[in-house]
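Enquirer: coordinates only, sequence not included:
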């Protein structure tokens, strides 16, 4: 018999004692790895990608300040932090063309990967200050040498924007965003394995929270259950405060929104679950920096006939989109398929999208079905190595709705479905 720690009083309860979860949903989810993982090899492959891109674009260096870019280039660990701390205690990286390892400037020296040469590990830079930008420019110029002509930067502080070009002149400074986005978009086998582990850990932690859900449980208690299980399983970071949101049956019964659509995702509140509640979840955690983005719909008790129908329509839409995921498919094609499967109406929230790519941090910028329009959707062409999350929503005013997220890797033959969490309503 499976056991569950009760989040209210620490007692260990048999799952059979939880009245609103039938035995068919009690199968424990495994977060065990499926393939061998070589992190040092993964980091070296990422560096090789950056070097090839720099050669192609004629760049002498990349100066990286955003956490995802630094992590991609160096593999350096850094603590999760609020915006103020993350801004003022930056971890920075300098990738020089032709060098096998990057320079790392960090206040967290213990987070450097073990293969980084000691001479490449440096004290932190402070690019939010004028004096810090002067030091940054000195460090960059010293390592670039006299023959450098072009570098690219992924982010600018205001002091950098005002002074860095002058301090590094005549070196030309460009934008590194497109280069980094292209490198990060296609995942190596080791990166995919990190994402599998990340996703399955998140699923298992989500299932622990689902098994604790019953009338009388507060949503904030689910957060505790989820985070405890996530860290027990070996996740290395939690990117987002877990969202466990009780959904209104009618839009007017929920919080006001600027577009009149369903407000989601909201900060988890101290709501007490009641029989019949519909809960939407959104949880974003990571393993070695690679994100999982697990969203599910839970029902406290038995779902109504209308809610079952919403689930079935969600499943039809999801199956149709997944069947079309293959090399050469475009975001616009997936949008058309989902809309057609939903009877001509787009099946996602107005302020959301049908799907997005996934990788480091909490997500990656390529989206389809967003308000950027059909032209942008056409430009997203699926290729082997991409990781795609699809997240349709079905909603019926007066009965709430159904929303879940599924992760797939695009393969040479079609796709690999990574997500394994059962979505069906309880029988």
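Expert: Now that the structure is in, tell me what you want to look at. On a predicted model such as this, the values are computed, not experimentally measured, just so you know. Residues are numbered from 1 along each chain as shown.

Enquirer: Next, residue 285: phi, psi?
Expert: Geometry field for residue 285 lists phi and psi as phi -130, psi -180, criterion degrees, to the nearest 10.

Enquirer: residues in contact with it?
Expert: Listed by C-beta atoms under 8 Å, 6 or more residues apart in numbering, the contact partners of residue 285 are 198, 201-202, 205, 230, 235, 237-240, 291-292. From N, CA and C alone the C-beta is placed, and that goes for glycine too.

Enquirer: Among those, name the buried ones.
Expert: Burial by neighbour count, 16 or more other C-beta atoms under 10 Å: within the contacts of residue 285 this picks out 198, 201-202, 205, 230, 235, 237-239, 291-292.

Enquirer: Including distance to residue 323 and secondary structure, could the residues you listed go into JSON lines?
Expert: Below are those laid out as JSON lines (distance: C-beta to C-beta, whole Å; DSSP: H, G, I helix; E, B strand; the rest coil):
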{"residue": "198", "distance to residue 323": "25", "secondary structure": "helix"}
{"residue": "201", "distance to residue 323": "27", "secondary structure": "helix"}
{"residue": "202", "distance to residue 323": "25", "secondary structure": "helix"}
{"residue": "205", "distance to residue 323": "29", "secondary structure": "helix"}
{"residue": "230", "distance to residue 323": "31", "secondary structure": "helix"}
{"residue": "235", "distance to residue 323": "31", "secondary structure": "coil"}
{"residue": "237", "distance to residue 323": "33", "secondary structure": "strand"}
{"residue": "238", "distance to residue 323": "33", "secondary structure": "strand"}
{"residue": "239", "distance to residue 323": "30", "secondary structure": "coil"}
{"residue": "291", "distance to residue 323": "25", "secondary structure": "strand"}
{"residue": "292", "distance to residue 323": "23", "secondary structure": "strand"}
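
Enquirer: all helices for the stretch 201-350 of the chain, in order.
Expert: Secondary structure of the stretch 201-350 of the chain by DSSP state H, counting those that start in this stretch: the helices cover 219-233, 305-323, 331-341.

Enquirer: Same check on the stretch 1-150 of the chain?
Expert: For the stretch 1-150 of the chain, helices defined by DSSP H, counting those that start in this stretch occupy the ranges 39-57, 67-74, 83-88, 130-144.

Enquirer: Can you tell me which of these is most buried?
Expert: For the helices of the stretch 1-150 of the chain, ranked by mean neighbour count under the definition mean count of other C-beta atoms under 10 Å, the leader is helix 67-74 at a mean of 24.

Enquirer: helices or strands up against that one?
Expert: With contacts defined as 3 or more C-beta pairs under 8 Å, 6 or more residues apart in numbering; DSSP states H and E, helix 67-74 has these neighbours: helix 39-57, strand 61-64, strand 92-96, helix 177-185.

Enquirer: Quick one: end-to-end distance for stretch 399-417.
Expert: Distance across stretch 399-417, first residue to last, is 30 Å (C-alpha to C-alpha, to the nearest Å).

Enquirer: Alright, calling it a day.
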